[in-house]
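Undergrad: compute the structure for the input listed below.
(one chain, ligands or ions: 1)
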Amino acid sequence: MSIEIEHINKRYGHFVAVDDVSLSLPEGQLTALLGPSGSGKTTLLRIIAGLEFPDSGRIRFHGEDATDVHVSRRGVGFVFQHYALFKHMTVFDNVAYGLTVKPRRLRPGKAEIRTRVMRLLELVQLDWTANRLPSQLSGGQRQRIALARALAVEPKVLLLDEPFGALDAKVRAELRRWLRRLHDEIHLTSVFVTHDQEEALEVSDRIVVMNQGRVEQEGTPEEVYDHPANPFVFSFLGQVNLFHARVQDGQARIGDLALPTSTPEDQPQGHGLAYVRPHDIEILPDGSAQGALAAVIEGITVVGPTARLELKVAGGKDLIHAELPKSRLRSLGLSRGSDTWVRPLNSRVFMDNGTRATG
Ligand SMILES: Nc1ncnc2c1ncn2[C@@H]1O[C@H](COP(=O)(O)OP(=O)(O)OP(=O)(O)O)[C@@H](O)[C@H]1O
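TA: Presented below is the predicted three-dimensional model:
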């Protein structure tokens, strides 16, 4: 079921939590609402759920106005960060709960409930825990049961609010891959709130980047990562190096270095900032390449196969962050204190007023 969000506004007193948000969330896709704390993600999710009502604007489910429909009749399933399971009930009874409390005429028979619950437990790969109590499960397993419980009532939309937020990094990474596989199996329209860029990039079909109650950009993970619409999105989606740049005749320059960017459409002139990702900083063994800047390595951190370098350019104030394969670092024979050369391979330049200049 698709979800259309039309000009939604929500204030708490004078504070604007959601500011004229319009979005179209396609059927069967997993959409991440991504943004820093306080950007309005949870408020928007709760409005979609019917747990909160907007001051103005409409929510449509598959074209039908759902703005005033009660949460119990919207056909949504939830998983929250701390949506505790019923402690005194077994896993089986927790998952069955939504079905057993249905009005008698809608309630499936006992055998049917058993079949459905066991099918769901198999889907989340925890059928062997059916007779356990939640306290006998790990945090990650409990969230998978919470998901099975949300799916039991056959919702048309699944809403997840930082579902893996309370888990440690390794379990989190496993669960998000698992959620992606599960989604590929069931194709339920799903919206999931996160402030973790990596999680959003890895799991979702679409990402909505939010900031101060507004949508900064919406698109596939590739679109928002490779073509960020503005400096906020660029900075929020990963580490970034900033260089002062002069823009003239469709060409941006840092000092004498002409930046390798594509030609802009409207060719603005003046001063801007060039944004360069650490993996787009090339490390060179000598200064013969055009536009290379001399730099000293101030720090090296190796994380698995990747080496992260902190470099200082002669005369520069800020450290430059670069990322390269550990093997490349070894073959260049570099260590802390080494003199080397750097060159931005790719950049995106935004003018001082935030408009895009190049790239
Ligand atoms: N019931 C409320 N009363 C007053 N202010 C609220 C209420 N709910 C949310 N807010 C405020 O609205 C803003 C947006 O909150 P929201 O929870 O939607 O943000 P978020 O992006 O989900 O952040 P987080 O990741 O920290 O949960 C916050 O500044 C919050 O303090």
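
Undergrad: am I right that residue 93 is in a helix?
TA: Yes - assessed by DSSP: H, G, I helix; E, B strand; the rest coil, residue 93 belongs to a helix.

Undergrad: ok, the nearest residue to it once chain neighbours are set aside - contacts?
TA: For residue 93, ignoring the flanking residues on the chain, the nearest one in space by C-beta to C-beta, 6 or more residues apart in numbering is residue 86 at 7.4 Å. No exception for glycine: its C-beta is placed from N, CA and C like everyone else's. The contact partners of residue 86, by C-beta atoms under 8 Å, 6 or more residues apart in numbering, come to 93-94, 97, 134.

Undergrad: measure how buried the residue nearest to residue 214 when sequence neighbours are not counted is and give me the count.
TA: Leaving aside its sequence neighbours, residue 214 sits nearest to residue 19 (C-beta to C-beta, 6+ apart; 4.9 Å). Counted with other C-beta atoms under 10 Å, residues neighbouring residue 19 total 16.

Undergrad: residue 19 belongs to a strand?
TA: Yes - assignment of residue 19 by three-state DSSP places it within a strand.

Undergrad: re the thing from before, pick out the most distant pair among the contacts of residue 86.
TA: Using C-beta to C-beta, the two most remote members of the contacts of residue 86 are 97 and 134, lying 12.2 Å apart.

Undergrad: which of these two has more residues huddled nearby?
TA: Neighbours of residue 97 and residue 134, each counted by other C-beta under 10 Å, are more numerous for residue 134; the result is 19 against 16.

Undergrad: separation between the more buried one and residue 142?
TA: 6 Å (C-beta to C-beta, to the nearest Å).

Undergrad: who in the protein is up against the ligand?
TA: Proximity of the chain to the ligand (C-beta under 6 Å from any ligand atom) is limited to residues 12, 15, 17, 35, 37-43, 195.

Undergrad: could you dump these into TSV and include pLDDT and distance to residue 147?
TA: Conversion of those to TSV gives the following (pLDDT from 0 to 100; distance: C-beta to C-beta, whole Å):
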residue	pLDDT	distance to residue 147
12	95	30
15	94	32
17	96	27
35	95	23
37	92	24
38	92	26
39	95	25
40	96	24
41	95	19
42	94	18
43	96	23
195	91	20
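
Undergrad: now, of those residues, which are buried?
TA: 17, 35, 39-43, 195 (16 or more other C-beta atoms under 10 Å).

Undergrad: pop out the phi and psi values for residue 16.
TA: Here the main-chain torsion angles of residue 16 (degrees, to the nearest 10) amount to phi -90, psi 110.

Undergrad: swap in residue 149?
TA: Torsion angles, degrees, to the nearest 10, at residue 149: phi -60, psi -40.

Undergrad: neighbours of it, how many?
TA: 26.

Undergrad: mind listing what the residue lying closest to it once chain neighbours are set aside touches?
TA: Computed as C-beta to C-beta, 6+ apart, the closest residue to residue 149 that is not its neighbour in sequence is residue 95, at 4.9 Å. Contacts for residue 95 (C-beta under 8 Å, 6+ apart) come out as 117, 120-121, 145, 148-149, 152.

Undergrad: just those: which are in helices?
TA: Secondary structure from DSSP state H places 117, 120-121, 145, 148-149, 152 of those in helices.

Undergrad: turn those into CSV, columns for pLDDT and distance to residue 183.
TA: CSV is the format used below for these (pLDDT from 0 to 100; distance: C-beta to C-beta, whole Å):
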residue, pLDDT, distance to residue 183
117, 93, 20
120, 89, 15
121, 92, 18
145, 92, 17
148, 90, 14
149, 92, 17
152, 89, 17
